[in-house]
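S.K.: model the following, please.
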Amino acid sequence: MKKIKKTAFADLEARFRTHFINSLSGFKSANLVGTKSEETGLNLSIVSSVIHLGANPALMGFIMRPARVPRHTYKNIIKTGYYTFNHVLPSFFKEAHQTSARYPESVSEFEAVGLTPEYSDDFYAPYVQESQVKIGMKFLEEVPIQLNDTILIIGEIMEVIYPEDCKQADGFLDLEKAGTVTCSGLDSYHTTTKLSRLSYAKTDKPVKEI
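M.R.: Next up is the predicted model:
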């Protein structure tokens, strides 16, 4: 085993340090964020920071990097108020990763990487047709994080689209059955193997598999 302390971080080569620190948080979600601009059209970008913030009201958040350079996703969310989360599948993880390239605002990542925009009734923002689990979001709040100039974007879940056979009787959504991919670091993508679901933890009872 090896130990590295904070005092040594500054001596690491910049790209090495970025990969190393980014991988420490473990496996993360891989979502494509779909937005639409009235002026320039559709935008699609991959993020690995989507988090659950609460079930009632149903809230989710994700981290935007500093807006010191143009952030088309951020601009569209703030201006229109709507966006989508789309789970990545093994069949298009390479295309999903490619959306992280810095395309001009006039270029739709949907078209550039070969993914298909899809709409649900009158919901403003586009979904990814190829995705299995899709979440329509309404922007509520941005929380600046002064320590590194990132922004926590908080939104409310307006609708969820998912395969019916992936929903269990107690409401649990089986993402492995849906084919959802996870990621680690900046560029490593993974499929999953479930160990087990466990019972609600109580101090007077051992956990059981359910």
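S.K.: give me every residue that touches the residue nearest to the spatial centre of the chain.
M.R.: Nearest to the geometric centre of the chain sits residue 31, at 3.3 Å (Cα atoms, centre = their mean). Shown in contact with residue 31 (Cβ atoms under 8 Å, 6 or more residues apart in numbering): 46, 47, 48, 50, 62, 85, 86, 87, 88. In this view, the C-beta of every residue, glycine as well, is placed from N, C-alpha and C.
S.K.: if the fifth one is in a bridge, with which residues?
M.R.: Same thing as residue 62. residue 153 (DSSP bridges).
S.K.: which residues touch residue 79?
M.R.: Going by Cβ under 8 Å, 6+ apart, residue 79 touches 37, 38.
S.K.: quickly find the element holding it.
M.R.: Taking DSSP states H and E as the definition, one finds residue 79 inside helix 72-80.
S.K.: what mean pLDDT does that helix have?
M.R.: Per-residue pLDDT over helix 72-80 has a mean of 95.
S.K.: flag the shaky bits of this structure, pLDDT-wise.
M.R.: Confidence mapping of the chain against pLDDT under 70 gives the ranges 67-70.
S.K.: so where do the helices sit in it?
M.R.: For the chain, applying DSSP state H gives helices covering 6-9, 14-23, 72-80, 93-98, 109-113, 175-178.
S.K.: and residue 42, which of those is closest to it?
M.R.: The closest of the helices of the chain to residue 42 is helix 109-113. By Cβ to Cβ, the value is 5.3 Å.
S.K.: got a list of contacts for the closest one?
M.R.: Residues contacting helix 109-113 (Cβ under 8 Å, 6+ apart): 42-45, 95-96, 98-99, 101, 103, 115-117, 126, 128.
S.K.: with only the CA atoms kept, save it in CSV.
M.R.: Written as CSV, here are the backbone C-alpha positions of helix 109-113 (Å, rounded to 0.1, in the frame of the first residue of the first chain):
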residue,chain,number,x,y,z
GLU,A,109,-23.9,17.4,-30.1
PHE,A,110,-26.8,15.1,-31.0
GLU,A,111,-26.0,15.5,-34.6
ALA,A,112,-22.2,15.6,-34.2
VAL,A,113,-22.0,12.2,-32.3
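S.K.: just how off-centre is that helix within its chain?
M.R.: Remark: helix 109-113 is offset 18 Å from the chain centroid, using Cα atoms, centre = their mean, to the nearest Å.
S.K.: one step back: in strands, which of the contacts of residue 31 fall?
M.R.: 46, 47, 62, 85, 86, 87 (DSSP state E).
S.K.: so which of these comes closest to residue 185?
M.R.: Scanning the ones in strands among the contacts of residue 31 for proximity to residue 185, where the rule is Cβ to Cβ, the winner is residue 46, at 13.1 Å.
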